[in-house]
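Chemist: give me the fold of what follows.
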Amino acid sequence: DSTAKLWEARTGQLIATLSGHSAAVEAVAFTPDGRYLLTGSLDRSIRLWDGNTGAFVKVLTRTDAGVSSLSVAPDGHSVVTGCAEGRFENRVISIPDGKLVTRFGGHDNIVLATSTSPNGKWAATAGGSDFGIALWDLKTGREKLHLSGHGATVWSVGFSADGNQVAFGNRFDQKGQTEYQLNGPLQHGFVIGSQGPAFGYHSELSSDL
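Modeler: Take a look at the predicted model:
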């Protein structure tokens, strides 16, 4: 219904319904301090809300693509976007001023999964026609590593707590279900090493990474 809802986690009480988008809301994310809540929509915009009350703050930015994913950097000062349709480009947007930090155009199709590293240096994005995972610099947009996939959509991607491993998931086990299965389980992974993704090699990891 083009809205998002903010709930009190302990009681389940509805705090606010966030209205204003004109198309489906595909992604939500809090800043680490809880001050802001971001919503991304197929209307090609990201909205900023008060993370405690749900009060509307501003339209953070408008993009050239529907927003399929939002990953806020650990310092809470920027967000990485995924792209559902339109221009296939990931963007890094500063919070709360909404300025464009950088762009990444390494995927040639939709990007449904995004993540940022614990040190705030790298982004991992998964998508494109090759179902690949790209690791790139959050400040410059320069790609450091690109792994092609194996013919299955990647629904989720994430860094380990130490930032030395990236895990991803592509399981789609809901029979008859044709909708996105965003934020599914992380099943496989690879080690990128303590010096960053330029030193990466592939390794199978446990499903509970």
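
Chemist: what about residue 114, distance to residue 9?
Modeler: 23 Å (CB to CB, to the nearest Å). Where C-beta positions appear, they are placed from N, C-alpha and C, glycine not excepted.

Chemist: again with residue 61
Modeler: Separation of residue 61 from residue 9 (CB to CB): 28 Å.

Chemist: same check, this time on residue 28
Modeler: Separation of residue 28 from residue 9 (CB to CB) stands at 14 Å.

Chemist: kindly report the same for residue 80.
Modeler: When residue 80 is compared with residue 9 (using CB to CB), they lie 24 Å apart.

Chemist: before we move on, back to that, higher neighbour count, residue 28 and residue 9?
Modeler: Using other CB atoms under 10 Å, the more surrounded residue of residue 28 and residue 9 is residue 28, with 15 against 6.

Chemist: OK, contacts around the more buried one?
Modeler: By CB atoms under 8 Å, 6 or more residues apart in numbering, the contact set of residue 28 is 4, 37-40, 70.

Chemist: which of the residues you listed ranks first by neighbour count?
Modeler: residue 40 leads those on contacts (other CB under 10 Å) with 29 neighbours.

Chemist: so what's the residue count around the closest residue to residue 129 other than its chain neighbours?
Modeler: Residue nearest to residue 129 in three dimensions, not counting chain neighbours: residue 109, with 4.8 Å by CB to CB, 6 or more residues apart in numbering. The number of residues packed around residue 109, counting by other CB under 10 Å, is 14.

Chemist: assign a three-state SS to residue 109, would you?
Modeler: Secondary structure, DSSP: H, G, I helix; E, B strand; the rest coil: residue 109 is coil.

Chemist: give me the distance between it and residue 132.
Modeler: Counting by CB to CB, the gap from residue 109 to residue 132 is 10 Å.

Chemist: residue 147 against residue 133, yeah?
Modeler: Yes: look at residue 147 against residue 133 with CB atoms under 8 Å: they come within range, at 4.9 Å.

Chemist: more neighbours, those two?
Modeler: residue 133 (24 against 18).

Chemist: what pairs with the host helix or strand of the more buried one, parallel or antiparallel?
Modeler: Element membership for residue 133 (DSSP states H and E) is strand 132-137. Strand 132-137 sits in its sheet next to strand 122-127 (antiparallel), strand 143-147 (antiparallel), going by DSSP bridges.

Chemist: now do the next helix or strand after the last one, average pLDDT.
Modeler: In this case it means strand 143-147. Next helix or strand after strand 143-147 toward the C-terminus (DSSP H and E): strand 156-159. Taken as a whole, strand 156-159 has an average pLDDT of 87.

Chemist: and the strands paired with strand 132-137, which one's lowest on average pLDDT?
Modeler: Looking at those, the bottom one is strand 143-147 with a mean of 86.
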